[in-house]
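[1] Sequence and computational prediction follow.
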Amino acid sequence: MTGGDGGRADVAGGPARHIPVLRDAVIAQLAPQDGGVYIDGTFGAGGYAAAILAAADTAVIGIDRDPTAVAAAQAQVEAAAGRLTLVRGEFAGLDRIVRDLGIESADGVVLDLGVSSMQLDRPERGFSFRFDGPLDMRMGAAGPCAADVIAERSESDLADIIFLLGEERRSRAVARAIVAARRERPIVTTRALADIVSRVVHGRPGDIHPATRTFQALRLFVNDELAQLADGLAAAERILEPGGRLVVVSFHSLEDRIVKTFLAARSGTERGSRHLPQTPVPPPTFELVTRRPVVADDAEVGANPRARSAKLRAAIRTAAPARATADTPPLVASLDRLRGG
């Protein structure tokens, strides 16, 4: 998988080749053991799943919402001779998916966030402005696509989406330009949108492409990725048995902030304000393994430029019961209001 820290040229527009980011670090933190059950919640091209299967005599349950990824992996499933089960679904409900298979707990969960190289490389998927294709961006096959969002949302909504999810400082100018352009003709291709954004966002030589942040924002909104992440972390808490390991690789600050905050709250390392009344704190459900995120070294970044923005965080499940309710991150709550939820 790959993502973007504020949007890099090698994410939304640069050349794409599937190389599992931080693969060795992921396996080291996941520590697969013989007889264990491990969940790869973002299967993609199966790089992590293959490494888990090679590390020990394990069983892996792979989950992916993209039907093309599931179809492409059938040979890998057959080669695993019963050790790999692949399910089409959203990792936000990974606990339910696993229990529907008759498995009550797991020894490890890995989540590799962002968009995959295979998705970026296919113009018809509409994720990248490197190609001219339909403005789609859906990881699954259902629901509104990016062109629908561009066509139907108000100027104010578009500005909020692009600012909140793309961290684009010129979000209002971009939204204004989109609304003006769609009055003339529908905006239905990646090239058309990239050209519109480029007319109002200007960068210096060597900067990321002007449309990178807008494309990132639309992709995150179309696929509801941050809410998926928040729900997926809570689902991992519910399915992991004591001693089970959670490993998450994120690619930009919005994702990493949600992961960091979740693990801080669940491990008891989150500090409340000394000016507020103290409230009872539930027992920690995770023990932090990575106080600071693991990042790629120079050699990996040289071999795989997308690794430069990757951050890995890991934790071990305690014996405490899962929290009854999950806290909704403030950004996710803001997006829910935009969605009318």
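    Structure received.
[2] can you tell me which residues contact residue 42?
    Going by C-beta atoms under 8 Å, 6 or more residues apart in numbering, residue 42 touches 1, 63, 64, 91, 110, 111, 112, 113. The way it works is simple: take the backbone N, C-alpha and C, and place the C-beta from them, glycine included.
[3] Please read the previous query as pertaining to residue 25.
    For residue 25, the contacting residues are 294, 312, by C-beta under 8 Å, 6+ apart.
[4] one more time with 10 Å, if that's ok
    Going by C-beta atoms under 10 Å, 6 or more residues apart in numbering, residue 25 touches 247, 249, 290, 294, 295, 296, 297, 300, 310, 312, 314.
[5] ditto for residue 152
    By C-beta under 10 Å, 6+ apart, the neighbours of residue 152 are 144, 158, 182.
[6] Any of those residues buried? List them.
    Buried members of the contacts of residue 152, counted by 16 or more other C-beta atoms under 10 Å: 158, 182.
[7] Which one of the contacts of residue 25 is nearest to residue 138?
    Ranked by distance to residue 138 (C-beta to C-beta), the contacts of residue 25 are led by residue 249 at 22.1 Å.
[8] can you count the residues close to the closest one?
    As a burial measure, residue 249 scores 32 neighbours (other C-beta atoms under 10 Å).
[9] and it, backbone torsions?
    When read as degrees, to the nearest 10, the backbone of residue 249 gives phi -110, psi 120.
[10] do you know how far it is from residue 293?
    9 Å (C-beta to C-beta, to the nearest Å).
[11] before we move on, what about residue 230?
    For residue 230, the distance to residue 293 equals 18 Å [C-beta to C-beta].
[12] Settle it for me: which of the two has more neighbours?
    residue 230 (22 against 16).
[13] From residue 261, how far off is the more buried one?
    9 Å.
[14] ditto for residue 285
    For residue 285, the distance to residue 261 - C-beta to C-beta - is 14 Å.
[15] And for residue 227?
    From residue 227 to residue 261 the distance is 14 Å (C-beta to C-beta).
[16] can you check residue 93 too?
    For residue 93 relative to residue 261 (C-beta to C-beta), the value is 21 Å.
[17] and if you look at residue 225?
    For residue 225, the distance to residue 261 - C-beta to C-beta - is 16 Å.
[18] try residue 36
    The value you get for residue 36 to residue 261, if C-beta to C-beta is used, is 28 Å.
[19] quick one, which of those two is more surrounded?
    Comparing residue 36 with residue 261 by other C-beta under 10 Å, the one with more neighbours is residue 36, at 21 against 16.
[20] Which residue comes closest to the more buried one once chain neighbours are left out?
    Leaving aside its chain neighbours, residue 36 sits nearest to residue 107 (3.7 Å; criterion: C-beta to C-beta, 6 or more residues apart in numbering).
[21] is it true that the one you found lies in a strand?
    Yes - judged by DSSP: H, G, I helix; E, B strand; the rest coil, residue 107 forms part of a strand.
[22] Can you pull the residues that touch both of residue 230 and residue 261?
    Contacts common to residue 230 and residue 261, judged by C-beta under 10 Å, 6+ apart, are 327, 329.
[23] So for residue 249 and residue 293, which residues contact both of them?
    256, 259, 310, 311, 312, 313, 314.
[24] which one of those residues sits closest to residue 71?
    residue 310 (26.9 Å).
[25] and the closest residue to that closest one other than its chain neighbours, what does it touch?
    Excluding its sequence neighbours, the residue lying closest to residue 310 (C-beta to C-beta, 6+ apart) is residue 21, at 4.7 Å. Residue 21 is in contact with 1-3, 47-48, 112, 114, 249, 251, 296, 300-301, 304, 306-310, 312, counting by C-beta under 10 Å, 6+ apart.
[26] From residue 156, how far off is residue 21?
    For residue 21 relative to residue 156 (C-beta to C-beta), the value is 36 Å.
[27] now swap in residue 139 and tell me
    26 Å.
[28] Only C-alpha atoms, please: export stretch 253-260 in PDB.
    The C-alpha trace of stretch 253-260 is given here as PDB (Å, rounded to 0.1, in the frame of the first residue of the first chain):
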ATOM      1  CA  SER A 253      -0.400  12.700   9.500                       C
ATOM      2  CA  LEU A 254      -4.200  12.300   9.500                       C
ATOM      3  CA  GLU A 255      -3.900   8.600   9.700                       C
ATOM      4  CA  ASP A 256      -1.000   8.500  12.100                       C
ATOM      5  CA  ARG A 257      -2.700  10.900  14.500                       C
ATOM      6  CA  ILE A 258      -5.700   8.600  14.800                       C
ATOM      7  CA  VAL A 259      -3.500   5.500  15.400                       C
ATOM      8  CA  LYS A 260      -1.300   7.400  17.900                       C
END
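[29] Having no further points to raise, I will conclude here.
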